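Chemist: Here you go, sequence then predicted model.
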Amino acid sequence: MEKIDLKKALKPLYQPSTKAVAQVVVPPMHYLMVDGKGDPNNSQEFADAISAVYSVAYTLKFMVKKGELATDYGVMPLEALWWAEDMSAFSQGDKSNWLWTVLVAQPDFITKEMVEAAMADVKKRKDPVALHKLRFEKFDEGVCAQLMHIGPFSEEGPNIERVHQFIETSGSQRRGKHHEIYLSDLRKAAPEKWKTIIRQPMT
């Protein structure tokens, strides 16, 4: 059986330095996505979105492993895009009006039909609350600046500023949405050891 390590294949995108901001080009990729609104720290909607994307992601993994493709691969880490209609709310800490998209990247051989089959199976077995919001979509992020943050989310500020400063110093401008990729299992790792990729698209 073929085994694929997507994070290893995409190492520059998923294993950035903690010391220096890097410019990367993120190719068009397909993701499972769920949109929502609210403070991720206490929002049931956010928890429901994560449950939906992971339920379908793992169902797809086992479908592919047992199916004609006979391929095994690791489910990719949780990612999220963050923004607000009023960006002052985003920067001043009022998280109740934060908008977000929860997403999990998929291998390039995953098709819309496979996702629909996985969603039907998940609905039959578990029927998570946010399943009806889930979509399978291509996301072309392009040129970005990124850095690895080690520690709790509450201490990301200085590293976010480093990413923004890198973009400004390079003569470019920020575009798109603040992007984070969560590499740690928050249920097991201590907050001071959490690994989060901070990514910002740039022109």
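Modeler: On my side now, so go ahead. Numbering: from 1, shown residues only.
Chemist: Pull the number of nearby residues for L10.
Modeler: By other C-beta atoms under 10 Å, 16 other residues sit near L10. (C-beta placed from N, C-alpha, C; glycine too.)
Chemist: Give me the distance between it and H178.
Modeler: In this view, L10 and H178 are 20 Å apart by C-beta to C-beta, to the nearest Å.
Chemist: For the residue nearest to D86 when sequence neighbours are not counted, grab the count of nearby residues.
Modeler: Once flanking residues are discounted, D86 sits nearest to N97: 6.8 Å by C-beta to C-beta, 6 or more residues apart in numbering. The tally of other residues near N97 (other C-beta under 10 Å) stands at 14.
Chemist: Hmm, N97 is touching W83, no?
Modeler: No. Under the criterion of C-beta atoms under 8 Å, N97 is not in contact with W83, lying 10.3 Å apart.
Chemist: so which helix or strand takes in the residue lying closest to I181 once chain neighbours are set aside?
Modeler: Spatial nearest neighbour of I181, chain neighbours left out: I197 (3.9 Å); criterion: C-beta to C-beta, 6+ apart. Using DSSP states H and E, I197 sits in strand 195-201.
Chemist: For I150, see how far away the residue nearest the centre of the chain is.
Modeler: For the chain, E79 is the residue whose C-alpha lies nearest the centre (C-alpha atoms, centre = their mean; 1.3 Å). For E79, the distance to I150 (C-beta to C-beta) stands at 18 Å.
Chemist: and if you look at K11?
Modeler: Taken as C-beta to C-beta, the span from K11 to I150 is 18 Å.
Chemist: Between those two, which is the more surrounded one?
Modeler: I150 (13 against 10).
Chemist: hey, what's the more buried one bridged with?
Modeler: For I150, the beta-bridge partners under DSSP bridges are K195.
Chemist: Q44 - how many residues pack around it?
Modeler: Counted with other C-beta under 10 Å, residues neighbouring Q44 total 11.
Chemist: typo on my end, I50
Modeler: I50, neighbours per other C-beta under 10 Å, totals 19.
Chemist: so where does it fall, helix or strand?
Modeler: Take DSSP H and E as the rule and I50 turns out to sit in helix 44-66.
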